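# Sequence and predicted structure below; questions after.
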Amino acid sequence: MDMNQLLYNHQLAKLNAQHSPSGKSRKSNFDLIDHYAGRITDWRRAEGLSDTGWPRDERPDAVNL
């Protein structure tokens, strides 16, 4: 799954949790929020980027403007 899809799914889970009709579905969506946050963190680490914030790309071959 690419980063755009991970970010989309993370945001969707947050919206679904906010508008959940029951505690059970809210918990399920909070679990998905954690799941996608972990996958985003894993992707960023694998790419040599910071775990948090809007990272500056510090890979040796990156172009930083």
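In hand now; what should we look at?
# remind me which residues of this structure are low pLDDT?
54-65 (pLDDT under 70).
# and the top helix by length along it, which residues are buried?
If you go by DSSP state H, the chain has its longest helix at helix 23-46. Residues of helix 23-46 classed as buried by neighbour count (16 or more other CB atoms under 10 Å): 29, 32-33, 36, 39-40, 44. C-beta: built from backbone N, CA, C; applies to glycine.
# would you list the residues you listed in JSON lines and tack on distance to Ala13?
JSON lines is the format used below for the buried residues of helix 23-46 (distance: CB to CB, whole Å):
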{"residue": "Asn29", "distance to Ala13": "5"}
{"residue": "Leu32", "distance to Ala13": "4"}
{"residue": "Ile33", "distance to Ala13": "5"}
{"residue": "Tyr36", "distance to Ala13": "6"}
{"residue": "Arg39", "distance to Ala13": "11"}
{"residue": "Ile40", "distance to Ala13": "12"}
{"residue": "Arg44", "distance to Ala13": "18"}
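# ok, of these, which one's closest to Tyr8?
Tyr36 (9.1 Å; CB to CB).
# Please name the nearest non-neighbouring residue to the closest one.
Nearest residue to Tyr36 in three dimensions, chain neighbours excluded: His10, at 3.9 Å (CB to CB, 6 or more residues apart in numbering).
# Please give me every residue in contact with the one you found.
Counting by CB atoms under 8 Å, 6 or more residues apart in numbering, His10 touches 33, 36-37, 40.
# can you check Ser20 too?
Contacts of Ser20 (CB under 8 Å, 6+ apart): 26, 29.
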